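K.L.:
Just a sequence and a predicted model for now, questions to come.
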Amino acid sequence: MEMKQYLIDTFVFNDRANRMVLARILELPDKREAVRFFSHLINSQYKWMARIIRDPGAPEMDWWNPVYAFEDLETKWIDSLRLWLDYLGARTEEQMYEERRFIGFDGGEWAAPLKDIALQLNYHSIHHRAQIQSVIRAQGLEPDFVDYIGTVYRKLT
């Protein structure tokens, strides 16, 4: 499998798992912490995209704010995801390995291969999804099974 397809597949996997978690957040008596983490995932996708397309406002974008209203999370998630799927879809396999320059946390010029930025977003999503799952469990609900293997294994007997 080529890297481009791997990245797209990974975004699609995270979309499926994150939407399952989002549905469970709806059931929480106290949604604040889970909504904060989910908003952070959205903001991270927006900010990294702004960085790599050299949006002049990217350095001022915050990783944690805004915290969206629960009712807006799905729409914002879909929008931030679509930006990445469209961006990657319009690139060649070779472009996945090209460095993208961006303004970093310290105001300096930084660079990383596009594939590594996309991998960071996906791994970061897994990390914070686990935190949300812990919030769900701490509030007395059973989290859904969102492991990757659950999307690919099959029972034989």
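P.N.:
That came in fine, so what should we check first?
K.L.:
tell me which residues in the lengthiest helix in the chain are buried?
P.N.:
Criterion DSSP state H: the longest helix present in the chain is helix 114-138. Buried residues in helix 114-138, counted by 16 or more other Cβ atoms under 10 Å: 114-115, 117-119, 121-122, 124-126, 128-129, 132-133, 135-136. No exception for glycine: its C-beta is placed from N, CA and C like everyone else's.
K.L.:
by contact count, what packs against that helix?
P.N.:
Using 3 or more Cβ pairs under 8 Å, 6 or more residues apart in numbering; DSSP states H and E, the elements in contact with helix 114-138 are helix 3-25, helix 32-52, helix 70-89, strand 99-103.
K.L.:
Against residue 73, how distant is residue 133?
P.N.:
Between residue 133 and residue 73 the distance is 16 Å, computed by Cβ to Cβ, to the nearest Å.
K.L.:
correction: residue 57
P.N.:
According to Cβ to Cβ, residue 57 and residue 73 sit 22 Å apart.
K.L.:
Neighbour count for the two, which is higher?
P.N.:
Set side by side, residue 57 and residue 73 show more neighbours around residue 73, with 23 against 8, by other Cβ atoms under 10 Å.
K.L.:
Looking at the more buried one now. What's its pLDDT?
P.N.:
If you check residue 73, the pLDDT there is 98.
K.L.:
these two touch, right, it and residue 22?
P.N.:
Yes: assessed by Cβ atoms under 8 Å, residue 73 is found in contact with residue 22 at 6.0 Å.
K.L.:
what's the closest residue to residue 26 other than its chain neighbours in contact with, if anything?
P.N.:
Counting by Cβ to Cβ, 6 or more residues apart in numbering, residue 70 is the residue found nearest to residue 26 once chain neighbours are left out, at 7.3 Å. Taking Cβ atoms under 8 Å, 6 or more residues apart in numbering, we find residue 70 in contact with 25-26, 31, 35.
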